[in-house]
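Undergrad: Make a model of this:
(one chain, ligands or ions: 2)
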Amino acid sequence: MEEPQHSSTQPYLPSDEYRPEPAVEPPPPAWMDGSIRIGIHTSIAGEIASALDLAHNLGANALQIFSASPRMWRRPADGSKRVDPSAQRFRARREELKLGPLVIHDNYLINLASPDRILRVRSIQAFHEEIVRAVALGADFLVAHPGSGKGAPMSAAISAIADGLKQAARGVKFENLRILLENTAGQGTSVGSRFAEIKSIIDQCPELPLGVCVDTAHLFAAGHDLRSVEGLEKALAEIDATVGLARLSVIHVNDSKAALGSHLDRHEHIGKGKIGRDAFRRILNHPQLAGRAFILETPIDRPGDDRRNVETLWRLVGITPRRVGPVADGFPIRRSGKKSAKAKSRATRSHRASAKKSKRQKR
Ligand SMILES: [Zn+2]
Ligand SMILES: [Zn+2]
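TA: Numbering: from 1, shown residues only. Ligands and ions are numbered 1, 2, ... in the order given. Model (predicted):
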């Protein structure tokens, strides 16, 4: 066996030197090609990768999912933290479909501001797991509702959330993931109907990659009148003056069943609610919102509602929805052949009317 060399005689190896992580920016993800990103919250029932095909078949090029699926995420028996094979399949399929950004919405039961100690500890643990799963799936954003102080002073609730986020993030390597705090409608004692509250949380966590998700229905219910040009400008000015528009990465595009300032969180189909189609045209085409992902969280009251809402958003940005595969209610997204825009819309109307008729006949 060779005698170990004395350290003073050992040549200096460049690898011995401490070097910080290389400062080269990673290449942008495949989906970030400058095109407008329109997505929809999609079910992960069954195999998680099927959510990707569903979003793609609905005509979206981005998506939001819940990542929680206890069956799938059970720890391997050996206790290792290896990436679940379904997460690898998910990443590969997403790459193929060029879907992005991938937004994960956290579980609604998580409340980092809970005054109940046990519930708060559980929430921190659950949010930690949300972050771990989001990283495993290669998500771009994890959207979180800030929380609710249940009667505690707002400043205490804000500190509890900031502290909870830090604890949940402990020991996690974030890679490209950012946590986005979502504005709320202001129901009950929820934190985040005012952007100054979200700004306070962000300020208390300078070490975390935090951003903002704005929900249009929540904005409206919190008192921002998005129906007018001035109302939208005022809302954007407030966002910019508090959290800063640079931190805004995702917009939840939902019309509202609830009235202006009602503080009620009730989503409606685009153009069918109190906010209205014209407001959404202005939002989707606003120069200050360029580059954001627009994600629908609209209800599905009857088959095809999801696809119709995706179509509506594409039309509002002046793009003919792409032809997609077979869909739930069995109707193609549009007819083939080159028709004038007017003829097309007539065809769509009569197609919808006949669809309605045939449904009625079935009943
Ligand atoms: Zn939302
Ligand atoms: Zn909502």
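
Undergrad: For the stretch 251-363 of the chain, what lies in contact range of ligand 1?
TA: For the stretch 251-363 of the chain, the residues in contact with ligand 1 (C-beta under 5 Å from the ion) are H252, E297. Quick note: C-beta positions are derived from backbone N, CA and C, even for glycine.

Undergrad: need the strands for the stretch 251-363 of the chain, in chain order.
TA: Ranges of strands within the stretch 251-363 of the chain are 255-256, 267-268, 293-296, based on DSSP state E, counting those that start in this stretch.

Undergrad: could the ones you listed be laid out in CSV, adding mean neighbour count, distance to V317 and mean pLDDT?
TA: Formatted as CSV, these follow (neighbours: other C-beta atoms under 10 Å; distance: least, C-beta to C-beta, whole Å; pLDDT from 0 to 100):
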stretch, mean neighbour count, distance to V317, mean pLDDT
strand 255-256, 26, 16, 98
strand 267-268, 20, 20, 98
strand 293-296, 26, 9, 98
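
Undergrad: So I36 sits against I319, correct?
TA: Yes - with contact defined as C-beta atoms under 8 Å, I36 counts as touching I319 (7.4 Å).

Undergrad: Between the two, which has more neighbouring residues?
TA: Shown here are I36 and I319; by other C-beta atoms under 10 Å, I36 has more neighbours (18 against 12).

Undergrad: Please name the nearest non-neighbouring residue to Q125.
TA: Nearest residue to Q125, sequence neighbours excluded (C-beta to C-beta, 6 or more residues apart in numbering): A168, at 7.8 Å.

Undergrad: Residue of the stretch 51-200 of the chain nearest ligand 1, please.
TA: Here the stretch 51-200 of the chain gets closest to ligand 1 at one residue, E182, 5.6 Å apart by C-beta to the ion.

Undergrad: who's the residue nearest to that residue when sequence neighbours are not counted bridged to?
TA: Once flanking residues are discounted, E182 sits nearest to C213: 4.3 Å by C-beta to C-beta, 6+ apart. With DSSP bridges as the criterion, C213 is bridged to E182, V250.

Undergrad: residues near C213, how many?
TA: 29.

Undergrad: For the stretch 1-150 of the chain, which segments count as strands?
TA: 37-41, 62-66, 102-105, 141-144, 147-148.

Undergrad: Need these in CSV (columns: mean pLDDT, mean neighbour count and distance to D301).
TA: Formatted as CSV, the strands of the stretch 1-150 of the chain follow (pLDDT from 0 to 100; neighbours: other C-beta atoms under 10 Å; distance: least, C-beta to C-beta, whole Å):
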stretch, mean pLDDT, mean neighbour count, distance to D301
strand 37-41, 98, 24, 15
strand 62-66, 97, 23, 19
strand 102-105, 98, 25, 20
strand 141-144, 98, 25, 23
strand 147-148, 98, 24, 28
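
Undergrad: I'd like these laid out as JSON lines, including distance to I202.
TA: Converted to JSON lines, the strands of the stretch 1-150 of the chain look like this (distance: least, C-beta to C-beta, whole Å):
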{"stretch": "strand 37-41", "distance to I202": "23"}
{"stretch": "strand 62-66", "distance to I202": "21"}
{"stretch": "strand 102-105", "distance to I202": "18"}
{"stretch": "strand 141-144", "distance to I202": "12"}
{"stretch": "strand 147-148", "distance to I202": "14"}
